[in-house]
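Asker: what would the 3D arrangement of this be:
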Amino acid sequence: EAVDHGDVSQTLSALRSPDVGLYGVTPECAETYQRELAEAKKKKMAADNRLNDMREWRAGARELNDAYLKITQTRCFACCLLTLFWFPFCNLYCGFLLPHWIQSTISGVTAAYNREQLWLANESLITKLQACCRGYLVRQEFNARLSFLKKQVPAITCIQSQWRGYKQRKAYQDRLGYLQAHKDQVVKIQSMTRMYQARKRYRNRLQYFKDHINDVIKIQAFIRANKARDDYKTLISAENPPMVVLRKFVHLLDQSDQDFQEELDLMKLREEVVTLIRSNQQLENDLNLMDIKIGLLVKNKITLQDVVSHSKKLTKKNKEQLSDMMMLNKQKGGLKALSKEKREKLEAYQHLFYLLQTNPTYLAKLIFQMPQNKSTKFMDSVIFTLYNYASNQREEYLLLRLFQTALKEEIKSKVDQIHEIVTGNPTVIKMVVSFNRGARGQNALRQILAPVVKEIMDDKSLNIKTDPVDIYKSWVNQMESQTGEASKLPYDVTPEQALSHEEVRTRLDTSIRNMRTVTDKFLAAIVSSVDKIPYGMRFIAKVLKDSLHEKFPDAGEDELLKIVGNLLYYRYMNPAIVAPDAFDIIDLSAGGQLTTDQRRNLGSIAKMLQHAASNKMFMGDNAHLSIINEYLSQSHQKFRRFFQAACEVPELQDKFNIDEYSDLVTLTKPVIYISIGEIINTHTLLLDHQDAIAPEHNDPIHELLDDLGEVPTIESLIGEGTGSINDPNKEMLAKTEVSLTLTNKFDVPGGENAEMDARTILTKRLIVDVIRFQPGETLTEIIETSATSEQEAEHQRAMQRRAIRDAKTPDKMKKSISVKEDSNLSLQEKKEKIKTGLKKLTELGIADPMNKYQELINDIAKDIRNQRRYRQRRKAELVKLQQTYSALNSKATFYEEQVDYYKSYIKTCLDNLASKGKVSKKPREMKGKNSKKISLKYTAARLHEKGVLLEIEDLQLCTCLLNCLFPLGSHGFFTNQRVLFVQDLLQLQYEGVAVMKLFNRAKVNVNLLIFLLNKKFYGK
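Answerer: Numbers count the residues shown, from 1 in each chain. Model (predicted):
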């Protein structure tokens, strides 16, 4: 009844009732009891409704019997009664729960509750146990599945692939069908998408470039530079440069406005440098003569008026000669007059000097046909002028060729023993050294020696004395100066006696140590200066060594290197060390000079270096210096390596990249600046020695000399009237300079190859014009392909620009007429002319059509490389000429300072003498007066007694001399045929001439004659 009402508490109370006799009732399971009993009752009622057959009644009886037995066993009377009376009516009261069913339900619920509480108390342990069990079961199942799958891998793979393929094909077919159904829409969407993506990529890329514009420019420049560099490497290094590469650089053969301007600047600067060199040389010679005259003035006062006259002449040159140097160009009747006769004469001289300049054989032979004193003057005046003092690469190359040819000729014909090069004074060696110590080589000596020389000069405490006697005397003088008493030591002693004193030996050792120290500095400066030595000196040293080895094959290497050392050190460097002021190694003010100690120090150093260079030991009189012989041997090895390195230079052609055809492709024609006197002198010498310098009658120089005819006079070349033979201005007129633009009368030098070379040059020039405007892989393809109208128009415009530029070109730089005519041809006409030229070159064996005329392409590539080198050399020449011009201006300024110094000195002399009344301040006033000249007459016998007149050939002194009178005057010594001025006698005395001849018969003692003149007319 409690169960039916669903009252949990009532059900619990009924179950716990002692009368019922149920056990294991737990209050916490009241709701569960209620639910389970209600469920059991529903099942009981459902089951009671099905017990209708007998089988069910028998089962019920057995059950009743069993229940009775259980009740009986409990010995509960009430229960027994209940059973006996209850079961018979159980069918009538179906749906009631029996007690044992209730107890069973309660026990099950309570047991479940107790078990749940047990599990809750041991939850973690149970969870762990469950996890282990599950893990074991899962692993066991997984391993079993994995083992199965491994055994069935082929089948699984096949199934999966088939399935995936099926799914993919199905999806593809479905998608394809969908897209085919919407084809127009798909195309439109795709185009829009692609457009958007392309536009976006473009804008992003464009923005990226804008953000990195500087980097882009650098990268582009780098790439272009690399490409150009690779192309140029191909051009210069490839054996057969391709036409594509050649076309990129063919524009380098053009002459731009900058090229013309640089050429004009170079010509102008070269003219100024050459003019200034000649002017400075003349001024230097006049200053040297002034030195001599002032020196003679100190001994003989009578030359004061001559010194004054020379000073005025010197001042006039200094101020006016530069402006009058090129006066001949303005003369209307001179060599450059506008007449056919003068023009032919000018061209003949230009042809002659071009041949002399480019063919060194003539001048090399001419030098040795003259006496040495004349050949030296001829070299200084004419030859250096002919080569413009090597003011550019071409003229330096030609001058060195002359030196090379002349040196070989001199060694071949003049040198019999190898030591004669050292002991003698070879003409060519002297010329080479003189030239390289001049304006061009002076900077090299200054760079090598100036720092160490200046260091020696600035060291005031340095005092090198290696002579024991000098050391002894300076020691004695020092003691007397300090004590104020005369020394008891003898003044005149021998070197052995001087070395017996300890103080002398100590000072000598100190001097030797100092000398070794400073010599080391000079030696280090010299041996490290191989690259600073002018190429010309090193090349001539190499020619000297090779020529001597060729003529004297038995000569050893050491002997040859000693001769090279004699050239490079003794002749070239040693004088600059001994006298640095004379070679502009150091700068001195006007009137300044080196002290005695400085000169002695430099002389001692130069002596040490000379001994080291020649491997010469100290012995004999210099035995006291033998202690440094080991040092000399060590230094000689350094010099030896220096001389070997100096001789390692490239040949002329490799150094200058010039050959006999270079003049045909250069922009400007060579120009020289030469005086009228030098032209006449050269013409005269060539006529006098033409058979010796050109034995063959068909030699070109004979034709040129025939064109010139007789030697002209100075007046005819200048354009002035004939003057007197003794005209004092004639000497100045001979020094008037003229510029000659040298040209070759003969088309192309080379004899047998003349036609070949001319044809090659012309064809290459046409090829360059064509390949610039018409593309093609090979020359054959270009000349066989017709030019388009655009290419013809572009070519025509380029030729018009070239014509305009050529019209502005000076005459000295204009091209030949044939080149101008070729410029007027069209592209097609040029190609026809190229075909003709190629055919001729093929016949001559120069070009080969089988390799598509690659030889000519290689020649053009070589011309491009040479043009670049020429531009580089031209820029270098401009810089070098500017430096030379600046140095020459400085030297001219120095000479002007010397002129002012001399003027001041002469003015002082004039003032001093005028105060004594011996010399008039105004010589012109003396000319206006009829002053009587004082003179004395001596007979030949009287002069013979005084020793002045020594003898007269073919005459007996005793019979004839008494009747001969020789007047003496204040101006000199008079005879019937000539007048000997005192300055002439003094000049002879200065030159060391003790005896001179009069009219090739009488011999006069110069010194006694000067003494007699001084005694009779000027007192002491």
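
Asker: where in the stretch 851-1000 of the chain is pLDDT low?
Answerer: Residue ranges of the stretch 851-1000 of the chain with pLDDT under 70: 906, 909-936, 953-984, 986-994, 999-1000.

Asker: how many other residues sit next to the closest residue to Ile418 other than its chain neighbours?
Answerer: Closest residue to Ile418 apart from its sequence neighbours, by Cβ to Cβ, 6 or more residues apart in numbering: Phe552 at 4.9 Å. Using the backbone N, CA and C atoms, a C-beta is placed for each residue, glycine as well. Phe552 has 15 neighbours, counted by other Cβ atoms under 10 Å.

Asker: ditto for Asp230
Answerer: Using other Cβ under 10 Å, Asp230 has 11 other residues around it.

Asker: mind checking the SS state of it?
Answerer: With DSSP: H, G, I helix; E, B strand; the rest coil as the basis, Asp230 sits in helix.

Asker: phi and psi next, for the residue nearest to Ile418.
Answerer: Dihedral pair for Phe552: phi -120, psi 80, per degrees, to the nearest 10.

Asker: tell me if I'm right that it and Asp416 touch.
Answerer: No: Phe552 lies out of contact with Asp416 (Cβ atoms under 8 Å); the separation is 10.1 Å.

Asker: the strands in the stretch 801-950 of the chain, which residues?
Answerer: 935-939, 949-952 (DSSP state E, counting those that start in this stretch).

Asker: between those strands, which one is nearest to Gly845?
Answerer: Evaluated with Cβ to Cβ, the strands of the stretch 801-950 of the chain place strand 949-952 nearest to Gly845, the distance being 76.2 Å.

Asker: now for that closest one, which elements pack on it?
Answerer: For strand 949-952, the packing partners by 3 or more Cβ pairs under 8 Å, 6 or more residues apart in numbering; DSSP states H and E come out as helix 940-945, strand 1002-1005.

Asker: what about dumping the CA coordinates of the shortest one to CSV?
Answerer: Right, strand 1002-1005. Only the C-alpha atoms of strand 1002-1005 are listed here, as CSV (Å, rounded to 0.1, in the frame of the first residue of the first chain):
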residue,chain,number,x,y,z
ALA,A,1002,153.3,82.9,-85.7
LYS,A,1003,153.1,81.3,-82.3
VAL,A,1004,152.3,83.6,-79.3
ASN,A,1005,152.4,82.8,-75.6
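
Asker: tell me which strands it pairs with, and in which orientation.
Answerer: strand 949-952 (antiparallel), strand 995-998 (antiparallel) (DSSP bridges).

Asker: most packed of the ones you listed?
Answerer: Of all the strands paired with strand 1002-1005, strand 949-952 has the most neighbours on average by mean count of other Cβ atoms under 10 Å, namely a mean of 18.

Asker: now that one: how far from the chain's centre is it?
Answerer: In terms of Cα atoms, centre = their mean, to the nearest Å, the centre of strand 949-952 is found 69 Å from the chain centre.

Asker: if we can go back for a sec, between the helices and strands packed on strand 949-952, which one is closest to Ile627.
Answerer: Set against Ile627 and scored by Cβ to Cβ, the helices and strands packed on strand 949-952 come closest in strand 1002-1005, at 49.4 Å.

Asker: can you pull the buried residues of the closest one?
Answerer: Ala1002, Val1004, Asn1005 (16 or more other Cβ atoms under 10 Å).

Asker: of the strands of the stretch 801-950 of the chain, which approaches Gln598 most closely?
Answerer: Closest approach to Gln598 among the strands of the stretch 801-950 of the chain is made by strand 949-952 (44.3 Å; Cβ to Cβ).

Asker: pull the CA atoms of that closest one into PDB?
Answerer: Coordinates of the C-alpha atoms in strand 949-952 are reproduced here as PDB (Å, rounded to 0.1, in the frame of the first residue of the first chain):
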ATOM      1  CA  LEU A 949     156.500  85.700 -79.600                       C
ATOM      2  CA  LEU A 950     157.800  82.200 -79.700                       C
ATOM      3  CA  GLU A 951     158.400  81.600 -83.400                       C
ATOM      4  CA  ILE A 952     157.300  82.300 -87.000                       C
END
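
Asker: below-threshold pLDDT in the stretch 51-200 of the chain: ranges please.
Answerer: Residue ranges of the stretch 51-200 of the chain with pLDDT under 70: 51-97.

Asker: at 50 what do you get?
Answerer: Regions of the stretch 51-200 of the chain meeting the criterion pLDDT under 50 cover residues 52-55, 72, 74-93.

Asker: in it, which spans are helices?
Answerer: Along the stretch 51-200 of the chain, the stretches classed as helices by DSSP state H, counting those that start in this stretch are 54-74, 77-86, 99-121, 123-151, 153-181, 183-211.

Asker: which of those helices sits closest to Gln690?
Answerer: Closest among the helices of the stretch 51-200 of the chain, once you apply Cβ to Cβ, is helix 183-211, at 76.7 Å.

Asker: which of the buried residues of strand 1002-1005 sits closest to Ser500?
Answerer: Comparing every one of these with Ser500 (Cβ to Cβ), the shortest separation belongs to Asn1005, at 46.6 Å.

Asker: tally of neighbours for Glu409?
Answerer: When counting by other Cβ under 10 Å, one arrives at 18 neighbours for Glu409.

Asker: check which helix or strand it maps to.
Answerer: helix 393-414 (DSSP states H and E).

Asker: which helix or strand lies directly C-terminal to that helix?
Answerer: Using DSSP H and E, the helix or strand that follows helix 393-414 in sequence is helix 420-423.

Asker: C-alpha coordinates for the helix or strand that that following helix is followed by, CSV please?
Answerer: For helix 420-423, the succeeding helix or strand toward the C-terminus, using DSSP H and E, is helix 427-436. In CSV, the C-alpha atoms belonging to helix 427-436 read as follows (Å, rounded to 0.1, in the frame of the first residue of the first chain):
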residue,chain,number,x,y,z
THR,A,427,129.3,60.3,-78.0
VAL,A,428,126.0,58.6,-77.8
ILE,A,429,126.4,57.8,-74.0
LYS,A,430,127.1,61.5,-73.4
MET,A,431,124.1,62.5,-75.5
VAL,A,432,121.8,60.1,-73.7
VAL,A,433,122.9,61.2,-70.2
SER,A,434,122.7,64.9,-71.2
PHE,A,435,119.2,64.5,-72.5
ASN,A,436,117.9,62.5,-69.6
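
Asker: on that earlier part again, now the helices of the stretch 51-200 of the chain as CSV including distance to Ile771?
Answerer: As requested, those are exported to CSV (distance: least, Cβ to Cβ, whole Å):
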stretch, distance to Ile771
helix 54-74, 128
helix 77-86, 138
helix 99-121, 105
helix 123-151, 77
helix 153-181, 58
helix 183-211, 36
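
Asker: dump those helices into JSON lines; add mean neighbour count and distance to Ala692 as well.
Answerer: JSON lines is the format used below for those (neighbours: other Cβ atoms under 10 Å; distance: least, Cβ to Cβ, whole Å):
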{"stretch": "helix 54-74", "mean neighbour count": "13", "distance to Ala692": "171"}
{"stretch": "helix 77-86", "mean neighbour count": "13", "distance to Ala692": "179"}
{"stretch": "helix 99-121", "mean neighbour count": "14", "distance to Ala692": "143"}
{"stretch": "helix 123-151", "mean neighbour count": "10", "distance to Ala692": "115"}
{"stretch": "helix 153-181", "mean neighbour count": "10", "distance to Ala692": "107"}
{"stretch": "helix 183-211", "mean neighbour count": "10", "distance to Ala692": "78"}
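
Asker: for Leu386, find the nearest of those.
Answerer: helix 183-211 (62.7 Å).

Asker: okay, the angle between that closest one and helix 153-181?
Answerer: Per axes from the mean of the first three to the mean of the last three Cα atoms, to 10 degrees, the angle that helix 183-211 makes with helix 153-181 is 100 degrees.
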